[in-house]
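Asks: Got a predicted model here, sequence first, then my questions.
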Amino acid sequence: MSKKQKRLKELFSSPPPRDFTWENLVAVMSSAGFSNHCDHGGSHYIFEHVNGYRVSMSKTHPGGILKAYQIKDAKEALIFVNEGPED
């Protein structure tokens with residue numbers, strides 16, 4: 001199983017992970033065709049897929065662990081672009 005598949009499986013696990021990091025999110029989104037940028041040097045990032053789909057998220061501080069709503073938003077975005085765990 002590749003790192004991408006392991007991260008997707010962890011992200012889509014039930015119950016949702018409580019220790020999924022911002023770095024893992026960026027890696028998963030990047031491997032699914034999303035680019036990310038921060039417009040104003042703050043903590044708000046835009047993930048944009050090659051097909052034009054966009055999702056906005058705030059980078060978590062200080063530990064970098066995602067909140068439950070961020071995991072939900074990331075899963076919705078990945079499902080929208082047909083990326084999910086391959087089970």
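Replies: Looks like it came in fine.
Asks: helices and strands of this structure: which one has the lowest mean pLDDT?
Replies: helix 3-11 (a mean of 90; mean pLDDT, DSSP states H and E).
Asks: buried ones in that helix?
Replies: For helix 3-11, a neighbour-count test (16 or more other Cβ atoms under 10 Å) marks 7-8, 11 as buried. Every C-beta, even on glycine, is put in place using the N, C-alpha and C of the backbone.
Asks: Run a quick neighbour tally on Asp19.
Replies: 9 (other Cβ atoms under 10 Å).
Asks: doesn't Gly63 make contact with it?
Replies: No: counting by Cβ atoms under 8 Å, Asp19 does not reach Gly63; the two are 9.4 Å apart.
Asks: Tell me how far the spatially most central residue of the chain lies from Ile65.
Replies: With distances taken as Cα atoms, centre = their mean, Leu25 lies nearest the centre of the chain, 3.7 Å away. To Ile65, Leu25 is 10 Å away according to Cβ to Cβ, to the nearest Å.
Asks: now do Ile46
Replies: Ile46 is 21 Å from Ile65, by Cβ to Cβ.
Asks: can I get the CA coordinates of the least confident helix or strand of the chain in PDB?
Replies: In PDB, the C-alpha atoms belonging to helix 3-11 read as follows (Å, rounded to 0.1, in the frame of the first residue of the first chain):
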ATOM      1  CA  LYS A   3       1.800   6.400   1.300                       C
ATOM      2  CA  LYS A   4      -1.000   8.100  -0.600                       C
ATOM      3  CA  GLN A   5      -3.400   5.100   0.000                       C
ATOM      4  CA  LYS A   6      -2.400   4.900   3.700                       C
ATOM      5  CA  ARG A   7      -3.100   8.600   4.200                       C
ATOM      6  CA  LEU A   8      -6.400   8.400   2.400                       C
ATOM      7  CA  LYS A   9      -7.400   5.400   4.300                       C
ATOM      8  CA  GLU A  10      -6.500   7.100   7.600                       C
ATOM      9  CA  LEU A  11      -8.400  10.300   6.600                       C
END
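Asks: Fine by me, thanks again.
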